[in-house]
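A.B. asks: with the sequence up front, the predicted model follows.
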Amino acid sequence: MNISVASTAAKNKKAILWMISYAAAISGMHVCVRLVSEDMHPFQIVFFRNIFGLIAVIPWFIKLGTKPLRTNKFGMLLTRAIINTFAMLGFFMAVSIIPLAEVTTLTFTAPIFATLLAVLFFNERIGVWRAVAIIFGLAGTFVVLRPGFNEISFGQLIALGSAFSWAICIIVIKILGRTESSPTITTYMSLFMAPLTLFPALLVWTSPSLEQIMWLLLLGTLGGVGQLTLTESLRLGETHVVTPFDFTRLIFISILGYILFDQVPDIFVWVGSVMIIGSIAFIAWREHFHSLDKTNRKSNPMN
């Protein structure tokens, strides 16, 4: 086997494990948000999530010292944090008012939005097949929302808004991942987002109880771990390989939602989620195929 191919395969295996770890950690965080939001406003929860999220990066500082703070991409890291703030505020609000599996399914649209944004900002060509995949994925979103049959709720709208904001973050993370380490990207996110989310939290502030603080501590830690594992997965693995494994998030959250909140996703959520994740997987595969074709053309100019 070619050494480079073997190396890529090994990285992909690690990236898949990182993505599944991300799915498990973030699912646990969503459950914590749902539990705490019964007595606390989501904006305040977002603030504590970012404060306690720094706990997850402490081991990196112990191991690497101040190295995670060294960067030449300060402006891009700040931009990512601002956009991520809007995404997180919207997402936590959605988690607090609509079923967990439904929120998760709607946020699966982020990679689809990211593909469209890449066309707008980077002049990328999507081709016929990827265009069909995008339409198919967006159709999956309509299956979940069922406009005309059900009234689209505020929670569903802000979940989609959050997904769109996160789509921008996906592009920024991929760009940052070329030069910055996972601890650097994650650390600056929490360092910037803590003060950015303090103001909206102060508008709805209530003094948390000891029990709430414990849940918030767990929530923040899981969120920080999730950011680290996601960033590491996107950094190590090929997008078309790791992206489909994000679907395990719906499996985790459906099991937890049923056990803890007696929430059972309806058939439309499952069908829509399969359509969306299938679209994402196909788009990722086509991007990989396209990049390989470009590489072959460069290496074989006579073709």
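C.D. replies: Okay, I see it. Residues are numbered from 1 along each chain as shown.

A.B. asks: avg pLDDT for stretch 137-148?
C.D. replies: In this model, stretch 137-148 has a mean pLDDT of 77.

A.B. asks: what's it in contact with?
C.D. replies: Here stretch 137-148 makes contact (CB atoms under 8 Å, 6 or more residues apart in numbering) with 102, 105-106, 109, 112, 152, 156, 160, 268-269, 271-276, 278-280, 283. Bear in mind the C-beta positions are built from the backbone N, C-alpha and C, glycine included.

A.B. asks: please list only the buried members of these.
C.D. replies: 102, 105-106, 109, 112, 156, 160, 268-269, 272-273, 275-276, 278-280, 283 (16 or more other CB atoms under 10 Å).

A.B. asks: surely residue 265 touches residue 102?
C.D. replies: Yes: here residue 265 reaches residue 102: they are 7.0 Å apart, a contact under CB atoms under 8 Å.

A.B. asks: still on that earlier bit, out of the buried ones among the contacts of stretch 137-148, which are inside helices?
C.D. replies: 102, 105-106, 112, 156, 160, 268-269, 272-273, 275-276, 278-280, 283 (DSSP state H).

A.B. asks: quick one: contacts for residue 231?
C.D. replies: Residue 231 sits next to 173, 177, 182, 185-186 when contact means CB under 8 Å, 6+ apart.

A.B. asks: which stretches of the protein have low pLDDT?
C.D. replies: Scanning the chain for pLDDT under 70 picks out 1-6, 121-126, 147-150, 239-240, 286-303.

A.B. asks: mind listing the helices for it?
C.D. replies: Using DSSP H, helices in the chain cover 3-36, 42-53, 58-64, 74-97, 100-107, 110-122, 127-145, 154-176, 182-203, 210-236, 239-242, 248-261, 267-299.

A.B. asks: residue 110 versus the most centrally placed residue in the chain, what's the distance?
C.D. replies: Closest to where the C-alpha atoms of the chain average out (CA atoms, centre = their mean) is residue 166, at 6.5 Å. Counting by CB to CB, to the nearest Å, the separation of residue 166 from residue 110 is 4 Å.
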